[in-house]
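K.L.:
Model the structure of this input:
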Amino acid sequence: MRLRDLLAILALAILWYALVPVVGAFAVRRLWREMRRRFNALRVVPVLNYATAQGLDEYGSDFRFFGGFESVVDDKVLWVRNAGLTIPVELSGARVYLLPAAGPVESGDATGKESAGPDEEPRQIRWKQVASLSEGAKVFVGGRALKRNGRACFESLPEEPLLIILYDGNERSMLSRTVRAGRKKNEYWNALTPYSLAAGIFSELVIAFGFASRPAFGAALSIALAAAFGPLLPLLPPGLGFTAVFRSLWRRGRAARATRDLVRLPLCHLRGNQKETVLPDGSRYGYLPMNGERRRTDASHVPIVPAEAETLTSSGSGKLEWRCYGVLAGMGEATTVSEPQDPSAAFAAIPGDPELVAREYIVQARLFEISAIAALLTGICLNAALAYYLISYLR
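P.N.:
As a prediction, the model looks like this:
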């Protein structure tokens, strides 16, 4: 077997089974990152109500709106209503997502405990499918609101499409669930993957058939046939055990990335070294140093983010600079913190600077992901070697 034949077989396998799907995976990850970025940007814009709707002009501005599904007209205009306003939403060009169903506990906290879990992901749906929703389904709309023909409405701009999220549960739980679940469960399996795998199998079979009638190239034939079964290698024993390890580690990496984003929720309103700011509804928002004790709050329960930090409140918490984020009242030692009325403002206790805590989780996520890929490649190499020797023996 010539070296160039071996390199050609391996190059085709790497191209179709790895490089092309990975390019698609990075594109998918970028799209979900953009979705979360857009959602966080819309969290700080005002809520549209009857008074602000009357002051809109033909150019408009960014607003967000919480309401219930009322109807869809002509398959392109969604009518959403709440207690004070009913407004049309132009679906053409909008990005529409359906959140996974919430769990039985609707605590409304920032931890995402009421969600179905970090493995769930929102489903992006075409705007024409919105008409199949039942009346009363809850809707979040964010983007440009303006006056059109004398009436307030939401419309997408070419560079800023509307973001529409369909959900159940309460508005505060929607915040944590969107940030926690807003990522692809398996980026490797994307729109490019099926075609790439088919192209890889076909190209390896073509090479194998080319060597089939040439006895001197028996080793190359065995390698090409083993490569043709490449997509099945992670699913066969004994490499299947490594695939199970890969899935477990990758799931933990995805959960770590979700926790990183949950920890950063308060930073959407506080920029740089800001300790407090003013929310769109006029209330003071910031954090209160808790000095190891969760006190001076007007709430019976302060959600802990990340959730596993709950154990730190009973042991070693005095060494942590706990910060409770919420609406501030009073001054100096008399300052208290309470849950914001704005459902897009995070209410949580965090064991330290959110940015520093988030960095720890991104390091964890990368270690989990690197370990997961190493486990997967180990299983694939093991199965590939066994497939080569089996094919050589049967041939």
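K.L.:
Helices of the chain, residue ranges please.
P.N.:
Counting by DSSP state H, the chain has helices at residues 3-14, 20-42, 50-54, 171-181, 193-212, 218-228, 239-263, 354-394.
K.L.:
Relative to Glu308, which of those is closest?
P.N.:
helix 239-263 (8.4 Å; C-beta to C-beta). Placement of C-beta: from N, CA and C, glycine included.
K.L.:
how much does that closest one deviate in direction from helix 20-42?
P.N.:
Put simply, helix 239-263 runs at 20 degrees to helix 20-42, going by axes from the mean of the first three to the mean of the last three C-alpha atoms, to 10 degrees.
K.L.:
next one: helix 239-263 to chain centre, how far?
P.N.:
Mean C-alpha position of helix 239-263 versus that of the full chain (C-alpha atoms, centre = their mean, to the nearest Å) differs by 13 Å.
K.L.:
Let me know the pLDDT of the nearest residue to Arg257 once chain neighbours are set aside.
P.N.:
Spatial nearest neighbour of Arg257, chain neighbours left out: Ala365 (4.7 Å); criterion: C-beta to C-beta, 6 or more residues apart in numbering. You'll see Ala365 listed with a pLDDT of 96.
K.L.:
these two touch, right, Ala365 and Ala256?
P.N.:
Yes: Ala365 lies in contact with Ala256 (C-beta atoms under 8 Å); the separation is 3.8 Å.
K.L.:
need the helices of the chain in JSON lines with distance to Gly143 and mean neighbour count, can you?
P.N.:
What follows is these, written out as JSON lines (distance: least, C-beta to C-beta, whole Å; neighbours: other C-beta atoms under 10 Å):
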{"stretch": "helix 3-14", "distance to Gly143": "42", "mean neighbour count": "15"}
{"stretch": "helix 20-42", "distance to Gly143": "7", "mean neighbour count": "16"}
{"stretch": "helix 50-54", "distance to Gly143": "14", "mean neighbour count": "13"}
{"stretch": "helix 171-181", "distance to Gly143": "15", "mean neighbour count": "23"}
{"stretch": "helix 193-212", "distance to Gly143": "31", "mean neighbour count": "17"}
{"stretch": "helix 218-228", "distance to Gly143": "48", "mean neighbour count": "22"}
{"stretch": "helix 239-263", "distance to Gly143": "21", "mean neighbour count": "20"}
{"stretch": "helix 354-394", "distance to Gly143": "27", "mean neighbour count": "16"}
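K.L.:
Let me have those in TSV, extended by distance to Ile125.
P.N.:
Formatted as TSV, the helices of the chain follow (distance: least, C-beta to C-beta, whole Å):
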stretch	distance to Ile125
helix 3-14	35
helix 20-42	13
helix 50-54	27
helix 171-181	15
helix 193-212	21
helix 218-228	36
helix 239-263	22
helix 354-394	28
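K.L.:
Quick one: closest of these to Ile304.
P.N.:
Closest to Ile304 of the helices of the chain is helix 239-263 (C-beta to C-beta; 10.7 Å).
K.L.:
In terms of secondary structure, what does that closest one contact?
P.N.:
helix 171-181, helix 354-394 (3 or more C-beta pairs under 8 Å, 6 or more residues apart in numbering; DSSP states H and E).
K.L.:
tilt between that helix and helix 171-181?
P.N.:
Going by the same axes, to 10 degrees, helix 239-263 makes 140 degrees with helix 171-181.
K.L.:
now the chain, which segments are flagged as low pLDDT?
P.N.:
Low-confidence segments of the chain (pLDDT under 70): 1, 103-119, 134-136, 291-300, 310-320.
K.L.:
Could you chop it up by domain?
P.N.:
3-37+187-255+362-394, 45-181, 262-356 (automatic domain parsing).
K.L.:
got the contact list for the residue nearest to Val45 when sequence neighbours are not counted?
P.N.:
Of all residues not flanking Val45 in the chain, Asp62 sits nearest, at 4.4 Å (C-beta to C-beta, 6+ apart). Listed by C-beta atoms under 8 Å, 6 or more residues apart in numbering, the contact set of Asp62 reads 42, 45, 142-145, 160.
K.L.:
which residues pair with Asp62 across the strands?
P.N.:
Arg144 (DSSP bridges).
K.L.:
cool, and Arg95?
P.N.:
Beta-bridge partners, per DSSP bridges, of Arg95: Leu163.
K.L.:
contacting residues for it?
P.N.:
Taking C-beta under 8 Å, 6+ apart as the contact definition, Arg95 lies against 35, 38, 124, 161-164.
K.L.:
repeat for Arg284
P.N.:
Counting by C-beta under 8 Å, 6+ apart, Arg284 makes contact with 276-278, 327-329.
K.L.:
of the residues you listed, buried ones?
P.N.:
When burial is judged by neighbour count using 16 or more other C-beta atoms under 10 Å, the buried members of the contacts of Arg284 are 327-328.
K.L.:
Among the contacts of Arg284, which ones are in strands?
P.N.:
Residues of these located in strands (DSSP state E): 276-278, 327-329.
K.L.:
which of those residues lies closest to Ala102?
P.N.:
Distance to Ala102 across the ones in strands among the contacts of Arg284 (C-beta to C-beta) is lowest for Val327, with 24.4 Å.
K.L.:
In contact with the closest one, which residues?
P.N.:
Neighbour list for Val327: 279, 283-285, 337-341, 345 [criterion: C-beta under 8 Å, 6+ apart].
K.L.:
Farthest-apart pair in the ones in strands among the contacts of Arg284, please.
P.N.:
Greatest spatial distance among the ones in strands among the contacts of Arg284 (C-beta to C-beta): Thr277 and Ala329, at 14.7 Å.
K.L.:
Using PDB, list the CA coordinates for stretch 260-278.
P.N.:
C-alpha atoms of stretch 260-278 as PDB (Å, rounded to 0.1, in the frame of the first residue of the first chain):
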ATOM      1  CA  ARG A 260     -22.200  30.500  33.100                       C
ATOM      2  CA  ASP A 261     -25.000  32.400  31.300                       C
ATOM      3  CA  LEU A 262     -27.300  32.200  34.300                       C
ATOM      4  CA  VAL A 263     -24.600  33.700  36.600                       C
ATOM      5  CA  ARG A 264     -24.200  36.600  34.100                       C
ATOM      6  CA  LEU A 265     -27.900  37.500  34.100                       C
ATOM      7  CA  PRO A 266     -27.500  40.600  36.400                       C
ATOM      8  CA  LEU A 267     -24.600  41.900  34.300                       C
ATOM      9  CA  CYS A 268     -27.000  42.700  31.500                       C
ATOM     10  CA  HIS A 269     -28.200  45.700  33.400                       C
ATOM     11  CA  LEU A 270     -24.900  46.600  35.200                       C
ATOM     12  CA  ARG A 271     -22.000  47.600  33.000                       C
ATOM     13  CA  GLY A 272     -18.400  47.500  34.100                       C
ATOM     14  CA  ASN A 273     -18.000  48.200  37.800                       C
ATOM     15  CA  GLN A 274     -21.500  49.600  38.200                       C
ATOM     16  CA  LYS A 275     -23.100  48.700  41.600                       C
ATOM     17  CA  GLU A 276     -26.500  49.900  40.700                       C
ATOM     18  CA  THR A 277     -28.500  51.300  37.900                       C
ATOM     19  CA  VAL A 278     -32.100  52.300  37.000                       C
END
